[in-house]
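> Sequence and computational prediction follow.
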Amino acid sequence: MNINVSDFPYVWRVRTRLPERFGQRCRMLARGKMNNAMIEFEDGYKVITSRNYIRKALQ
């Protein structure tokens, strides 16, 4: 399975929650009403978190 960089357009930006994931690429699977989202990392790990914890990646 080839993982394309454009498949994971976001970067995890928070060190206080999931510090081992800081700087890793992720993608948004679903958005909630109260600024939350389901995020999936490249290794398949999924988490529901605030959308403030991710940012668009700089290619």
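Structure received. Numbering: from 1, shown residues only.
> going forward, measure contacts between C-alpha atoms and count neighbours the same way
Fine.
> and the residue most central in space within the chain, what helix or strand is that in?
By C-alpha atoms, centre = their mean, the mean C-alpha position of the chain lies nearest to Cys26, the distance being 3.4 Å. Per DSSP states H and E: Cys26 is located in strand 25-31.
> what's the offset of the following helix or strand past that strand from the middle of its chain?
Using DSSP H and E, the next helix or strand after strand 25-31 towards the C-terminus is strand 36-41. Taking C-alpha atoms, centre = their mean, to the nearest Å, one finds strand 36-41 lying 6 Å from the centre of the chain it belongs to.
> Quick check: neighbours of strand 36-41 in the sheet, parallel or antiparallel?
Paired neighbours of strand 36-41 in the sheet (DSSP bridges): strand 25-31 (antiparallel), strand 46-50 (antiparallel).
> So which bits of it are buried?
37-41 (16 or more other C-alpha atoms under 10 Å).
> Just the closest of those to Arg31, please.
Ala37 (4.4 Å; C-alpha to C-alpha).
> In terms of pLDDT, where does the residue nearest to the closest one when sequence neighbours are not counted sit?
The spatial neighbour of Ala37 that comes closest, neighbours along the chain excluded (C-alpha to C-alpha, 6 or more residues apart in numbering), is Arg31 at 4.4 Å. Note for Arg31: predicted pLDDT of 96.
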